[in-house]
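>>> Here is the input, now give the coordinates:
(2 chains)
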Amino acid sequence: MRKPLLCLDGLTKAYPGVLANDDVSFEIGEGQVHALLGENGAGKSTLVKMIYGLVKPDTGQMTLRGQPYTPAQPSEARLNGVAMVFQHFSLFDALDVAENVALGMENPPALRDLARRIRDVSEEYGLPLDPSRLVGDLSAGERQRVEIVRCLLQDPKLLIMDEPTSVLTPQEVDVLFHTLRKLSAEGTAILYISHKLDEIRALCDEATILRGGRKVATCDPREKSSRELAELMVGQVLSPPERAERILGEVVLQVDKLSLASNNPFGTSLKDISFTLRAGEVLGIAGVAGNGQDELLLMLSGELPASAEQVKLKGQPIGHLGPNARRSLGLVAAPEERLGHAAAPDMSLTENALLSGAERKGLTKYGFIDWHATDAFAREIIARFDVRTPGPHVLARALSGGNLQKYVIGREIELDPDVIIVNQPTWGVDAAAAAFIRQALLDLASKGAAVLVISQDLDELLEVAESFAALNEGRLTAVRPAKGLSVEEIGLMMGGAHDMHPAHEGMA
Amino acid sequence: MMIGSINIAVLLAALMVAATPILLAAIGELVVEKAGVLNLGVEGMMIMGACVGFIIAVNTGSPLIGFMGAALGGMGLSLLFALLTQALMTNQVASGLALTLFGLGFSALLGQKYVGITPPRTPKLDLGPLSEIPFLGRALFSHDIMVYLTIALVAAVWWFLKYARAGMILRAVGENHDAAHALGYHVKRVRVLAIMFGGACAGLGGAYLSLIRVPQWTEGMTVGIGWIALALVVFASWRPWRAMAGAYLFGGVVVLQLNLQAAGVKIPVEYLSMSPYLITIAVLVFISSGKARGSLNAPGSLNRPFHASN
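Have a look, this model is predicted:
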């Protein structure tokens, strides 16, 4: 048994209405890679925030190297050798790499010395980085390197990693794992948070599983099958979505050699995109975040208009049309950001139903809103898509992620479209809701609609899509049948090959 | 040197004086916005500074104490804004507008008995032989201390934002307050301090009007200069030196058009009077729109309220 580094004893934290953590206890040994496993909302984030000093536990104690450990703020945690790489990067786009690193350190050296140390450390661990670049220009993988290097410069004893691989290509994941194993061999303990079971089984020595804020088990993940771990985590038996056999119909959506500048200065412009989508087809588009997914969705939904001839719906040029015109022609879209893009947070579900349903459902007459019909439409979505909410009068922001996602996807499906575009349909959604949403998309396809799923979750794409393409720096690869694609090939399609070799070949 | 009836040295000297109050207010607001707060109350804080500074200078007989009082007056009003937006989480735009209206009204009330009085004179800074240099001496080296302090302040703000760690933290808070919070920085504390600095600067700018530029107290004497300062900050892409160039350009056109009016040029007065606003904005829009990334300098969290989620 390793010497314990950090012991958690009976940690409990309640928020109004939610018990985020309930009497959680476990130990992390020195140099151990310890997984923290759980669904969204299982209390993983709250737990690590307590370790990192962002949240104070209501009751319970922590001991670090035998001493009582009660960090009042992150700087105290950092001084005690606890460092954290965040899930949503805690980086500043308009500042350069060195400045970003300096902001996360307690006593940073002068920026010039820091730049040299960043180069040294990033070389040593195979994470190449240029300290003078603006963070806003970096890819997701490079941004993560900034966070990791920031932590490494402080010689951490415990490194907390919150869902580090959710934005990486398979090859980037390999590089990251090399780095983490090297750190662990040098005696740094790692608390690795994830819900990806294969990764945990490949990397971690021990796993603690949380469900609903409580610890369910601590085990050696290599002795359990992924299925056993998943059922511990979810607490129920899951069935994969069923795909009905179907025959592909006519080409309904055609995009031809389309290039389009992004509307966001840090965005990715689309370059020479061509593909076709047939009735009944589910096309999955993979890619690491920031490779043009948002722009692709905006272009297809009509928010970012192109020239008319380059986008055709059932042979009709629609490239110049806005979202409402496209919707009435039968093309609908559900963007990634639920709150603020797909739904207006401070409006009720009824009002949100109106926003996209007005055209196809005829919810307005002579410029007046038919509230009766709108309300009925909202209720229909809630009933058919099992949205857990007291009623359609509830504000969109009051719904949990999974419920709101079911609602916004359901709203588009209810419009009975010919083509539906979804971006990250199950991001941050619990497993049960995710399975439901995937099944709903497959059902829609089997009724003859064309479905385009943009996602960073490869498992999801392989589950639902029959054809597969990847976005890389705004370019789309050729579309290939999903059946028989290996993870390796997918990784290469995602363009993971570029800039991914460890700085020292000898390391690998 | 003369062009027509206009003496260039005098024109330059007047330009610096005309630009100083705008520049003071703009540099303060620049820091506030870099911290991610949009305070539209600049006009209100300026007029409070003008009024408080005037009253204190008249009663103590010292313009210097007047200026200090003005800074405190502007800061006091800005604290009201800080309380509203940072503690009570009100909307920044609405609170800023309310601050301007409140400042205009409150200063009118305070200054009622002071209309028509002449304040104590602020002496020119004695720069010895420098002031004797022909042309340059008259144009650049015969001003009161505030003109030079303002330029020094611009340099200090530039240095602070670019090189100081505290400045980097301030920029970080303005760029992404959630990330700054996650790293353990005190977003609200930084913002309140920035708001106070902005208030003090605006107050000084106002007092410069009532104690030196005009010098007199009248109701609503800032006549929209606070708004120009706000526009300057945006069009200067949140860069201190560019804000200074903008302020001097504005001051220059103001002085020039006054001279042209006096010289009896055959352009309707209305056009001359509107020219400083038009020209300054046109030039700055041109500068800031040039590069595709001109707007990138805008603080990412500007005007977004910060709620610590836990």
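
>>> where along the stretch 101-250 of chain B do the helices fall?
B:136-140, B:145-163, B:165-175, B:177-182, B:187-208, B:225-235, B:240-263 (DSSP state H, counting those that start in this stretch).

>>> Report the residue ranges of every domain in chain A.
Per the record, chain A has its domains at A:4-234, A:251-342+A:418-493, by automatic domain parsing.

>>> These: which one's closest to B:Leu209?
domain A:4-234 (34.2 Å; Cβ to Cβ). (C-beta placed from N, C-alpha, C; glycine too.)

>>> So what's the predicted local confidence for the residue of the stretch 351-500 of chain A found nearest chain B?
Closest residue of the stretch 351-500 of chain A to chain B, Cβ to the nearest Cβ: A:Arg397 (12.6 Å). A:Arg397 carries a pLDDT value of 84.

>>> And B:Ser275, by the same measure?
88.

>>> Contacts only, for A:Ala450.
A:Ala450 makes contact with A:Val252, A:Leu253, A:Leu277, A:Arg278, A:Ala279, A:Gly280, A:Glu281, A:Leu283, A:Asp418, A:Val419, A:Ile420, according to Cβ atoms under 8 Å, 6 or more residues apart in numbering or on different chains.

>>> any chance of the residues you listed in a markdown table, plus distance to chain B?
What follows is those, written out as a markdown table (distance: Cβ to the nearest Cβ, whole Å):
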| residue | distance to chain B |
| --- | --- |
| A:Val252 | 36 |
| A:Leu253 | 31 |
| A:Leu277 | 32 |
| A:Arg278 | 38 |
| A:Ala279 | 40 |
| A:Gly280 | 42 |
| A:Glu281 | 37 |
| A:Leu283 | 32 |
| A:Asp418 | 37 |
| A:Val419 | 32 |
| A:Ile420 | 32 |
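
>>> Among these, which are located in strands?
A:Val252, A:Leu253, A:Leu277, A:Arg278, A:Leu283, A:Val419, A:Ile420 (DSSP state E).

>>> if we can go back for a sec, any idea which of the helices of the stretch 101-250 of chain B gets closest to B:Ala19?
helix B:240-263 (2.9 Å).

>>> Isn't the residue of the stretch 351-500 of chain A closest to chain B up against A:Leu339?
Yes. At 6.0 Å, A:Arg397 counts as touching A:Leu339 under the criterion of Cβ atoms under 8 Å.

>>> what's the overlap in contacts for those two?
Common neighbours of A:Arg397 and A:Leu339 (Cβ under 8 Å, 6+ apart) are A:Pro345.

>>> quick one: A:Asp23 and A:Arg214 touch, right?
Yes. Applying Cβ under 8 Å, one finds A:Asp23 in contact with A:Arg214, separated by 7.0 Å.

>>> quick one on the thing from earlier: what strand or helix carries the residue nearest to the residue of the stretch 351-500 of chain A closest to chain B when sequence neighbours are not counted?
Residue nearest to A:Arg397 in three dimensions, not counting chain neighbours: A:Pro345, with 3.9 Å by Cβ to Cβ, 6 or more residues apart in numbering or on different chains. For A:Pro345, there is no host helix or strand (DSSP states H and E).

>>> Look at A:Tyr125 and say how many residues are nearby.
23 (other Cβ atoms under 10 Å in any protein chain shown).

>>> quick one: stretch A:22-31 to chain centroid distance?
Relative to its parent chain, stretch A:22-31 has a centroid offset of 26 Å by Cα atoms, centre = their mean, to the nearest Å.

>>> ok, and what's touching that stretch?
Here stretch A:22-31 makes contact (Cβ under 8 Å, 6+ apart) with A:1-12, A:34, A:43, A:47, A:60, A:157-158, A:184-189, A:191, A:205-206, A:208, A:210, A:212-215, A:218.

>>> again with stretch B:89-106
Here stretch B:89-106 has contacts from B:37-48, B:77-78, B:80-81, B:84-85, B:219-220, B:226, B:303, B:305, B:307, using Cβ under 8 Å, 6+ apart.

>>> again with stretch A:5-12
Taking Cβ under 8 Å, 6+ apart as the rule, stretch A:5-12 contacts A:19, A:21-30, A:32, A:47, A:50-51, A:57-65, A:69, A:82, A:157-158, A:189.

>>> of these, buried ones?
The neighbour count (16 or more other Cβ atoms under 10 Å in any protein chain shown) marks A:19, A:21-22, A:24, A:26-30, A:32, A:47, A:50-51, A:57, A:60, A:62, A:64, A:69, A:82, A:157-158, A:189 as buried among the contacts of stretch A:5-12.

>>> What pLDDT does the model give the residue in chain B that chain A sits nearest to?
Chain A sits closest to B:Gly184 of chain B, with a gap of 3.3 Å, by Cβ to the nearest Cβ. With respect to pLDDT, B:Gly184 scores 85.
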